[in-house]
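S.K.: okay, here's the prediction I keep looking at, along with the sequence it came from:
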Amino acid sequence: MVTIAPKLNDSSLPKDLPRAVRVRPRDAAVAKYIKHPLTKVGFNKNDPSQAAEWPWDQFTRRRIADGTVTVVEPDAPAHAEAPAEHKRARSHNE
């Protein structure tokens, strides 16, 4: 059975896309055999679940569309995750 991935239209994509994107392989077999053809960046052989940084190009978009790799969302800055805790001033009665 042949699955045809939907065609990605670059004109419909936002203009503020990054030049590179972090991707994670679908499984260990993908991690073992796939590399980005231009940059030659593959996945960590010791830990295939680690993400790799690939350029945002047609190859990467096609691998995302066919499910070979998934995009890893960037981590939010630490200060944005939880508000800073303020220490309560101690009164002289305590």
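M.R.: Looks like it arrived, so ask away. Numbering: from 1, shown residues only.

S.K.: can you list contacts of the longest strand belonging to the chain?
M.R.: Longest strand in the chain, counting residues (DSSP state E): strand 20-25. Strand 20-25 has contacts (Cβ atoms under 8 Å, 6 or more residues apart in numbering) with 31, 34, 43, 48-56, 60, 63-64, 68-72, 74. In this view, the C-beta of every residue, glycine as well, is placed from N, C-alpha and C.

S.K.: give the buried subset of those residues as a ChimeraX selection command.
M.R.: Selection of buried members from those for ChimeraX, criterion 16 or more other Cβ atoms under 10 Å:
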select :31,34,43,48,51,52,54,60,63,64,68,69
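
S.K.: tell me who's in contact with residue 36.
M.R.: By Cβ under 8 Å, 6+ apart, the neighbours of residue 36 are 42, 52, 54-55, 59-60.

S.K.: give me that answer again for 6 Å
M.R.: residue 54 (Cβ atoms under 6 Å, 6 or more residues apart in numbering).
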